[in-house]
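1. Here is a sequence with its predicted model. Questions after.
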Amino acid sequence: MIRIGVPSKGRLMQDCFDWFSARGVTMRRAGADREYSGVIEGIEGVALVLLAAGEIPRELAAGRIHLGITGSDLVHEQLGSQAPEVVELARLGFGQADLIIAVPAVWIDVETVDDLDAAAAGFRAAHGHRLRIATKYHRLVRDFLQAQGVADYQLVDSQGATEGTVKNGTAEAIADITSSGETLRANHLRILSDGLIHSSEAVLWQSPMSDWSLEDRATMDHLAVRLGVWAAV
Amino acid sequence: MTPKAAIRAEGERLLQAFVAAGAVAVETDLLQPAETLLDLYGEDIRARAYVTQDPVRGEMMLRPDFTVPVVQAHMAHGAEPARYAYLGEVFRKQDRHSGRASEYLQVGYEVFDRTAPEAADAEVFAIFRDLLQGLSLRPVTGDIGILMAAVRGLETSDRRKSALLRHIWRPRRFRSLLDRFAGRAAMPAARARLLEKLALGTPAQLIDEAGSFVGLRSPAEITERAEALVADAATPPIRATEAALLYDLLSLEAPAAAALTHLRGITPMLPAIAPAVDRFAARLEALATRGIDLTTLAFEASHGRTALEYYDGFVFSFHAEGLPPVASGGRYDALTAVLGAGAFIPAVGGVIRPELVAKLRGLA
């Protein structure tokens, strides 16, 4: 049996259901609205597993699900950008969001990541601590800043309402997912002109770590044709 | 796979050799406060060191190297001059498929001595050479002090010099800054746009127009940098002849004796490096006294310029084909000032990896 992990709620779940439905595979939640179990119809040998989007990378890497749909940001953050535990089968065209770096709009001297680096040097000298960047995407942000040679900053963890951290005095800048930019403007922040860290999108992933029986492989071939993708395993 | 007992025995042998050379054997904690190391190396170290959370002590790191705790211990209650030796595990995250160990023994030797830094450099290098004899290793040396002196002596603004010095251990970033300051790279379009915007009013006006003021970085700090950007745009590029000498210096690789001749040759055109070149010459003399052949000893001016380092003078390493460096070390005077909260002592030292020595000796 092929286990396919799909986000368990919200817009992302509905977009996933629609994407499969357009390809003749029907997914729906079973039973009451609050119950996290799913039903899949239109193909034999596949089971639907509803999971929090943030847990899908881990489940794929552990091989507990064969296929999974979640944002590329979450996979790259949790497993790294070259992780062999997952293979991208298809970009699904929804769930688009950009991971960006934003600074206070009043920083008229800061336009690029280079400027941020220089501002961080001055900030540290003036305040005695490193310039704080609030984020929950620690690995993606650190890899990005390291590749650009930025120094004298520190990442502070922020699991929500990240745009508010600057006004609240717990960070000097932020790195967060933004789909429209309105929240940034409302919080008096501006995106650096070269501050795009990652363009995220919902992706269908396959896990080579899972146990793929002969039967599963046959099912996968069949499913791949339906979905219009090339199976990697 | 190399058995641990044989590796530890090799480590003990090396430790005893350092003790016989006059060092006091010291121990340090495996768990180090993360804050000190993060302040020193920046967030980049998180990609290399194992960080763990203690409910009382906060973020802790599994010891990524010995230098910092040994320096701290010395600054807190060491007498001068001092020689220390240590043996223990260090922990480094490795890239996937690198095949490198993430936990291994280091045995090290550190000298804190104000009197004759060049003699101390030579002492450390010679001990390492003696202990590693017969392993057919290739030693490479360098001197970050010469590069730093060259940058400090450039005829350009202090701001440009500090930007270069700040990134001396990040060769790519250093290079792109130098290219820009020397006029070899065009001004980036984003910077040109920023300068156009800054020309539209005084910094105070522009800050005011940008919206509500948020954040800890003050209007004075923003204004100061905005004005500096405008001034920098009017700063002439580093003279072509001077820049050419610096590019030449960055890529200098030659046997030590020949490198000295070359450096003596360019000193009249870069007079600021004269004291650093004198120190280099004094070190070579001290090395020669200890029987090191300067006509074959490799010297690379950019050696030791890698991220997560802190060397600011003499640097050295010993290499074997297909292995990580078997030993490495150098001088880190500035580090003692940073960790000493005002106090400062010249320091030089290095580490050997017993596991690699045991492997090369065929012991394990």
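-> In hand now; what should we look at? Numbers count the residues shown, from 1 in each chain, chains lettered A, B, ... in the order given.
2. Can you name the residues that contact residue 106?
-> I went with chain A, as the question did not name one. For residue A:106, the contact set (Cβ atoms under 8 Å, 6 or more residues apart in numbering or on different chains) comprises A:188, B:207, B:210, B:211, B:212, B:213, B:214, B:215, B:219, B:222. Where C-beta positions appear, they are placed from N, C-alpha and C, glycine not excepted.
3. oops, chain B please
-> Contacts of residue B:106 (Cβ under 8 Å, 6+ apart): B:65, B:66, B:86, B:87, B:88, B:89, B:90, B:351, B:352, B:353, B:354.
4. in the sheet, who's paired with the fourth one?
-> Under DSSP bridges, the beta-bridge partners of residue B:87 are residue B:107.
5. so who does it touch?
-> Neighbouring residues of residue B:87 by Cβ under 8 Å, 6+ apart: B:11, B:12, B:14, B:15, B:25, B:105, B:106, B:107, B:108, B:354.
6. Chain A: which of these is nearest?
-> Proximity of those to chain A was ranked by Cβ to the nearest Cβ; the top entry is residue B:106 with 24.2 Å.
7. Domain boundaries for chain A, per the record?
-> A:2-96+A:201-227, A:98-199 (automatic domain parsing).
8. Need the winner for burial among these.
-> Here the criterion is mean neighbour count by mean count of other Cβ atoms under 10 Å in any protein chain shown, and of the domains of chain A the winner is domain A:98-199, at a mean of 20.
9. ok, back up a step: export the domains of chain A to CSV and tack on mean pLDDT?
-> CSV is the format used below for the domains of chain A (pLDDT from 0 to 100):
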stretch, mean pLDDT
domain A:2-96+A:201-227, 93
domain A:98-199, 95
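10. out of those domains, nearest to residue B:336?
-> domain A:98-199 (19.7 Å; Cβ to Cβ).
11. Could you give the separation of the closest one from the chain centroid?
-> Taking Cα atoms, centre = their mean, to the nearest Å, one finds domain A:98-199 lying 18 Å from the centre of the chain it belongs to.
12. gap between the two ends of it?
-> 5 Å (Cα to Cα, to the nearest Å).
13. sorry, back to before: and the domains of chain A as TSV, adding distance to residue B:287?
-> Putting the domains of chain A into TSV (distance: least, Cβ to Cβ, whole Å) gives the following:
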stretch	distance to residue B:287
domain A:2-96+A:201-227	43
domain A:98-199	33
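14. Those: which one's closest to residue B:255?
-> That would be domain A:98-199 among the domains of chain A, by Cβ to Cβ, at 31.6 Å.
15. and of the contacts of residue B:87, the nearest to residue A:2?
-> Compare each of the contacts of residue B:87 with residue A:2 using Cβ to Cβ and the shortest gap goes to residue B:105, at 46.4 Å.
16. what about that closest one, which helix or strand?
-> Per DSSP states H and E: residue B:105 is located in strand B:103-112.
17. how about that strand as CSV, C-alpha atoms only?
-> The C-alpha trace of strand B:103-112 is given here as CSV (Å, rounded to 0.1, in the frame of the first residue of the first chain):
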residue,chain,number,x,y,z
GLU,B,103,33.7,13.5,16.7
TYR,B,104,37.4,13.2,17.0
LEU,B,105,40.4,13.7,19.3
GLN,B,106,42.5,16.8,19.2
VAL,B,107,45.8,17.1,21.0
GLY,B,108,47.1,20.6,21.3
TYR,B,109,49.9,23.0,22.5
GLU,B,110,49.4,26.7,23.2
VAL,B,111,52.1,29.3,24.1
PHE,B,112,51.2,32.6,25.9
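18. gap between that strand and the chain center?
-> Here strand B:103-112 is found 16 Å from its chain centre; the criterion is Cα atoms, centre = their mean.
19. and if you look at stretch B:277-296?
-> 21 Å.
20. and what of stretch B:226-240?
-> Centre-to-centre, stretch B:226-240 and its host chain are 28 Å apart (Cα atoms, centre = their mean).
21. Would you agree residue A:39 falls within a helix?
-> No. Read with DSSP: H, G, I helix; E, B strand; the rest coil, residue A:39 is strand and lies in no helix.
22. surely it meets residue A:17?
-> No. Judged on Cβ atoms under 8 Å, residue A:39 makes no contact with residue A:17 at a distance of 11.0 Å.
23. which neighbours do those two share?
-> Common contacts of residue A:39 and residue A:17 (Cβ under 8 Å, 6+ apart): A:27, A:28.
24. And residue 158, its phi and psi?
-> You didn't pick a chain, so chain A it is. The phi and psi values for residue A:158, taken as degrees, to the nearest 10, are phi -140, psi 110.
25. hmm, I had chain B in mind actually
-> Torsion angles, degrees, to the nearest 10, at residue B:158: phi -60, psi -30.
26. can you map out the strands along the chain?
-> Picking chain A for this. Using DSSP state E, the strands of chain A run over A:2-7, A:26-29, A:38-41, A:46-51, A:67-71, A:87-91, A:97-104, A:131-135, A:153-157, A:173-178, A:189-200, A:202-206.
27. oops, I was thinking of chain B
-> B:24-25, B:31-33, B:51-54, B:58-62, B:82-91, B:103-112, B:138-143, B:253-255, B:298-300, B:314-319, B:327-331, B:347-352.
28. Give me the helices and strands touching the shortest one, please.
-> Using 3 or more Cβ pairs under 8 Å, 6 or more residues apart in numbering or on different chains; DSSP states H and E as the contact test, the elements touching strand B:24-25 are helix B:4-20, strand B:82-91.
29. Need the nearest residue in space to the one residue in chain A that gets nearest to chain B, chain neighbours excluded.
-> Closest to chain B within chain A is residue A:149: 3.0 Å, counting by Cβ to the nearest Cβ. Closest residue in space to residue A:149, ignoring its immediate chain neighbours: residue B:173 at 3.0 Å, by Cβ to Cβ, 6 or more residues apart in numbering or on different chains.
30. Any chance of the strands of chain B in JSON lines with mean pLDDT as columns?
-> As requested, these are exported to JSON lines (pLDDT from 0 to 100):
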{"stretch": "strand B:24-25", "mean pLDDT": "96"}
{"stretch": "strand B:31-33", "mean pLDDT": "95"}
{"stretch": "strand B:51-54", "mean pLDDT": "94"}
{"stretch": "strand B:58-62", "mean pLDDT": "95"}
{"stretch": "strand B:82-91", "mean pLDDT": "97"}
{"stretch": "strand B:103-112", "mean pLDDT": "97"}
{"stretch": "strand B:138-143", "mean pLDDT": "97"}
{"stretch": "strand B:253-255", "mean pLDDT": "98"}
{"stretch": "strand B:298-300", "mean pLDDT": "97"}
{"stretch": "strand B:314-319", "mean pLDDT": "97"}
{"stretch": "strand B:327-331", "mean pLDDT": "96"}
{"stretch": "strand B:347-352", "mean pLDDT": "97"}
